[in-house]
Structure formats: C-alpha cells, structure tokens
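**Q** build me a model:
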Amino acid sequence: MTMTLYDYFKKASGRLPEEAHRVLNTLLNAGKMNKEDLSLMSTTKRAVLDHVLFQLYALGLVDISSEGKSKMCEITKLGEQYLDIVADTDEAM
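**A** Numbering: from 1, shown residues only. Purely as a prediction, here's the structure:
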C-alpha cells in the first residue's frame with residue numbers, strides 16, 4: 001500500500017504531543033526565535049520543549065541553528081504544509 005504525504009502527516013499528527021502543534025503554530029505566526037522565547041510564547045515547559053523540538057526536527061518540520069550561544073528555531077516549508085494538512089483534517093471532523 002502506498003501512503004501519500006497527506007496520509008503520513010495525518011497519522012503523525014495523532015502521535016505527536018499537543019505541545020508540538022502549539023510550537024509549530026507559534027513559529028508560523030511569530031517567526032524564527034530562540035528556545036526561551038519559544039517556550040514562553042507557546043506556553044510549553046522548557047523540559048518538554050526540548051523533547052518536542054527533537055521530534056519536530058527529526059520529521060523535518062523545524063530547523064534549529066546556532067546563533068552565538070542561542071539555539072534558534074524556525075518552521076520549515078514542510079512544517080507549514082504539515083499544519084495545512086492538520087488544519088484540513090480538523091475542519092473535516
């Protein structure tokens with residue numbers, strides 16, 4: 001059976017913690033930011049944020065780069081597509 005990207009993202013959505021969607025939406029709306037600001041703006045505890053970012057990075061939904069001592073996070077184009085697909089799925093329910 002061939003799985004489309006749409007099907008894959010729908011399935012992945014059910015496996016990610018709810019904080020993942022808050023983090024992605026925050027990055028989409030506010031743009032690139034460091035982990036401290038992201039934690040505050042997405043109302044995600046810092047210890048949980050690191051775990052969530054690891055998952056999102058592994059899926060290619062966020063990029064993490066170093067700028068000085070800060071780790072900067074930003075949503076990728078794939079992450080934006082993921083949010084579009086998840087939003088379509090939520091609206092269909």
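**Q** ok, and what's touching the longest helix belonging to the chain?
**A** If you go by DSSP state H, the chain has its longest helix at helix 77-92. Here helix 77-92 makes contact (Cβ atoms under 8 Å, 6 or more residues apart in numbering) with 5-6, 9-10, 12-13, 21, 24-25, 27-28, 56, 59-62, 75. Glycine gets a C-beta too; all of them are placed from N, C-alpha and C.
**Q** tell me which of those fall in strands.
**A** Among these, the members falling in strands (DSSP state E) are Val62, Ile75.
**Q** tell me the buried residues within the contacts of helix 77-92.
**A** 9-10, 12-13, 21, 24-25, 27, 56, 59, 61-62, 75 (16 or more other Cβ atoms under 10 Å).
**Q** off-centre distance for the longest helix of the chain?
**A** Centroid separation for helix 77-92 versus its chain: 11 Å, with Cα atoms, centre = their mean, to the nearest Å.
**Q** put the alpha carbons of it into PDB.
**A** Below are the C-alpha coordinates for helix 77-92, written out as PDB (Å, rounded to 0.1, in the frame of the first residue of the first chain):
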ATOM      1  CA  LYS A  77       8.200  24.700   4.400                       C
ATOM      2  CA  LEU A  78       7.400  21.100   5.200                       C
ATOM      3  CA  GLY A  79       6.200  22.200   8.700                       C
ATOM      4  CA  GLU A  80       3.900  24.700   7.100                       C
ATOM      5  CA  GLN A  81       2.500  22.000   4.800                       C
ATOM      6  CA  TYR A  82       2.000  19.800   7.800                       C
ATOM      7  CA  LEU A  83       0.000  22.500   9.600                       C
ATOM      8  CA  ASP A  84      -2.200  23.000   6.500                       C
ATOM      9  CA  ILE A  85      -2.900  19.300   6.300                       C
ATOM     10  CA  VAL A  86      -3.700  19.000  10.000                       C
ATOM     11  CA  ALA A  87      -6.000  22.100   9.800                       C
ATOM     12  CA  ASP A  88      -7.800  20.400   6.800                       C
ATOM     13  CA  THR A  89      -8.200  17.200   8.900                       C
ATOM     14  CA  ASP A  90      -9.500  19.200  11.900                       C
ATOM     15  CA  GLU A  91     -12.000  21.100   9.800                       C
ATOM     16  CA  ALA A  92     -13.300  17.800   8.300                       C
END
